[in-house]
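A.B. asks: Below is the structure, and that's it, no one-letter string:
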C-alpha cells in the first residue's frame, strides 16, 4: 500500500518505517540484479572462514530498505533522492528481521528538499545509520 506526503505535510520529527525479514531469495535476487556475487553473501563454505562465520546480506540490500520507505511510505511516490550516506555498523545475517526507520530532520522550503535521519536495526542493535536528502513534490495549486 502506497502513501504520499507533499512537502507541506512534513514536519521535523515525523517518522516512517518498514520491517522486513531477510531471506535467501532476497540475497540471491540482489546478487543477480546487481552482479555483486561476493562469496561472503552466497557461499556458506567461504563465509564460514570469515570473521562473520556465516553468510551476510549485502549492505546495500539493507540500505535499499530505506529507499523502499522513501518511495512507498514517506514521502512516497514522486520523491527523488538527492543524496544518501550509509554507515554500516554491523552485519545483517540471513533470517534477521530489519526495521528501517526514516525521520524528518530539516525542511528547506525554497527547493522543497527534506533532510532525513536514517537507521536500520536488528532488534535493539543498529546495523546501519545515515542521512538522506530528498526533493519532495509540493501540493498542487
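C.D. replies: Received it, and whenever you're ready, just let me know what you need. Here the structure is a predicted model, which means the values were calculated and not measured. Residues are numbered from 1 along each chain as shown.
A.B. asks: Any buried residues in the longest helix along the chain, and which?
C.D. replies: The residue-count maximum for a helix in the chain (DSSP state H) belongs to helix 59-72. For helix 59-72, burial by neighbour count (16 or more other CB atoms under 10 Å) applies to 59, 61-63, 65-67, 69-72. Glycine gets a C-beta too; all of them are placed from N, C-alpha and C.
A.B. asks: and the residue nearest the centre of the chain, what is it in contact with?
C.D. replies: When CA atoms, centre = their mean is applied to the chain, the residue found nearest the centroid is residue 66 (2.2 Å). Contacts for residue 66 were tallied using CB atoms under 8 Å, 6 or more residues apart in numbering; they are 84, 100, 102, 118, 120, 128, 130, 132.
A.B. asks: Separate out the buried members of those residues.
C.D. replies: 84, 100, 102, 118, 120, 128, 130, 132.
A.B. asks: Does residue 55 touch residue 93 like I think?
C.D. replies: Yes - under the criterion of CB atoms under 8 Å, residue 55 makes contact with residue 93 at 7.3 Å.
A.B. asks: where does this structure dip in pLDDT?
C.D. replies: 1 (pLDDT under 70).
A.B. asks: Show me where it has its strands.
C.D. replies: 15-21, 80-88, 97-108, 113-122, 125-135 (DSSP state E).
A.B. asks: Kindly reformat those as TSV containing distance to residue 4.
C.D. replies: As requested, these are exported to TSV (distance: least, CB to CB, whole Å):
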stretch	distance to residue 4
strand 15-21	11
strand 80-88	13
strand 97-108	14
strand 113-122	14
strand 125-135	13
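A.B. asks: Return the most buried member of the ones you listed.
C.D. replies: For the strands of the chain, average neighbour numbers computed from mean count of other CB atoms under 10 Å are highest in strand 113-122, which has a mean of 21.
A.B. asks: Direction included, what does it pair against?
C.D. replies: Strand 113-122 pairs in its sheet with strand 97-108 (antiparallel), strand 125-135 (antiparallel), by DSSP bridges.
A.B. asks: Columns distance to residue 2 on top of those strands, output as TSV?
C.D. replies: Shown next, in TSV, are the strands paired with strand 113-122 (distance: least, CB to CB, whole Å):
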stretch	distance to residue 2
strand 97-108	15
strand 125-135	16
